[in-house]
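Engineer: Structure, please.
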Amino acid sequence: MDELLKNKVFATHALAGVGSVTLGTALTYPLDTVKVIIQVGSGSSKQLTTTEVVNRVRSFSGNSGLYSGFWWLAVGRTLGVGARFGTYEILTAFYKDGREDNHVHASEALLAGLIAGFAESLITSPFELIQVRAQITSASRIPKSASLTEKLAVAPLIQRLLHGYTPDPKALNYSVGLLSTLTTKHPNMMSALRDYPWMMTGSGRPPSVFNVRKPSQIISLEGWGSLWRGLRSGVVRDSVFSGLFFATWQSLHRAMLDWKAVGMNPEPRTDDEIGPLSPFAVSVAAGVSGSVAAAASHCFDTAKCRSQCVVLPKFLSMERKLLKWRTPGKRFERATGIHPADRNLLFRGIGLRMARSGIASFVMVGSYFLAVDRLA
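Structural biologist: Numbering: from 1, shown residues only. Coordinates of the predicted model:
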């Protein structure tokens, strides 16, 4: 390991990779913020526009609100993209072994990309959860303590489970009214019901997203497993994106090599005789591949973003397990993590995601080649 860290070539490529991913993420992050808010905030009968989202974020959080949660995504994407390309290179090395021109077919690139996307999703999911909630908070009106409903004295159990939550007296009074017709010998039913979080939240209504946005709040209220919420849709999204990205990129790379070989005399027998492509051409191919892959995987991205904005306390998760609650939807929807209520919302913000992925891929590949050339 020490020898690897002292290797100048490895250090150069690692530094160039981190810088290129951070630069691509920074340039396109405002597009990602607008995209996430449109995906989460739009309903079946109402679709937010880009102008409405930008004005809302600027009015509540200022211009800096467009970069809320940036560092979480930057760290997660750096690790995720590194895992994606590292896994892809390891798998394609087996394909190229023994071949004269080190050529990888598009089908092989697709299969390697699917596996690489799975590894990327496992790594980036916790960072994306915190990032998405930070982006939603930037467009949310957070009520001040003076404007909140009058607070009630609650049991320590509720304070521990529901951080930042003000009990709803109407929900409590409604529950008491339903139970008042029953014969009871309890001296103080109202105080007893306050010991049960599901009575205080009004039929299991959880706190708002902006009250559960920090890692400590998420882990305390929802548990460690919540950091991977929406994992099914995330795995499908990243696998489809990575597979199509590498397959399209490899196809375009092959087409550009064949075009460059036209008219050569003598006719080249291997790719090495054709020569390398220009960094700009490779970057453009990466940008096009990113846009195509983003369009194909966008519906799963919407499902993941919307699921990550659902606050599900630990006691509600336990109730669902005890009651053997079954996930709604058809078999495909259950397998991919799509909620049936989101069927008409899956393609909201697809243009923004295509633009963000295309620009980010172009910038990452282009800046990577430039950094390696400068640092070498």
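
Engineer: What about Gly76, how many residues nearby?
Structural biologist: Counted with other Cβ atoms under 10 Å, residues neighbouring Gly76 total 21. To be clear about C-beta, it is placed using only N, CA and C from the backbone, and glycine gets the same treatment.

Engineer: tell me the contacts of it?
Structural biologist: Ile123, Thr124, Pro126, Phe127, Glu128, Gln131 (Cβ atoms under 8 Å, 6 or more residues apart in numbering).

Engineer: what comes up buried for the helix or strand encompassing it?
Structural biologist: Per DSSP states H and E, Gly76 falls inside helix 70-96. Residues of helix 70-96 classed as buried by neighbour count (16 or more other Cβ atoms under 10 Å): 70, 72-85, 87-88, 91-92, 95.

Engineer: got it, and stretch 52-69?
Structural biologist: For stretch 52-69, by 16+ other Cβ under 10 Å, it's Val53, Val54, Arg56, Val57, Ser61, Gly65, Leu66, Tyr67, Ser68, Gly69.

Engineer: Then stretch 18-38?
Structural biologist: 18-25, 27-38.

Engineer: now do stretch 271-282
Structural biologist: So stretch 271-282, judged by 16+ other Cβ under 10 Å, has buried residues Asp271, Ile274, Leu277, Pro279, Val282.

Engineer: rewinding a little: which ones among the buried residues of stretch 18-38 are found in helices?
Structural biologist: 18-25, 27-38 (DSSP state H).

Engineer: could the buried residues of stretch 271-282 go into TSV alongside pLDDT?
Structural biologist: Shown next, in TSV, are the buried residues of stretch 271-282 (pLDDT from 0 to 100):
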residue	pLDDT
Asp271	76
Ile274	82
Leu277	87
Pro279	91
Val282	94
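
Engineer: In CSV: the residues you listed, plus distance to Val292 and secondary structure.
Structural biologist: Formatted as CSV, the buried residues of stretch 271-282 follow (distance: Cβ to Cβ, whole Å; DSSP: H, G, I helix; E, B strand; the rest coil):
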residue, distance to Val292, secondary structure
Asp271, 23, helix
Ile274, 25, helix
Leu277, 19, coil
Pro279, 20, helix
Val282, 16, helix
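
Engineer: Phe241: which of those residues is nearest?
Structural biologist: Val282 (18.9 Å; Cβ to Cβ).
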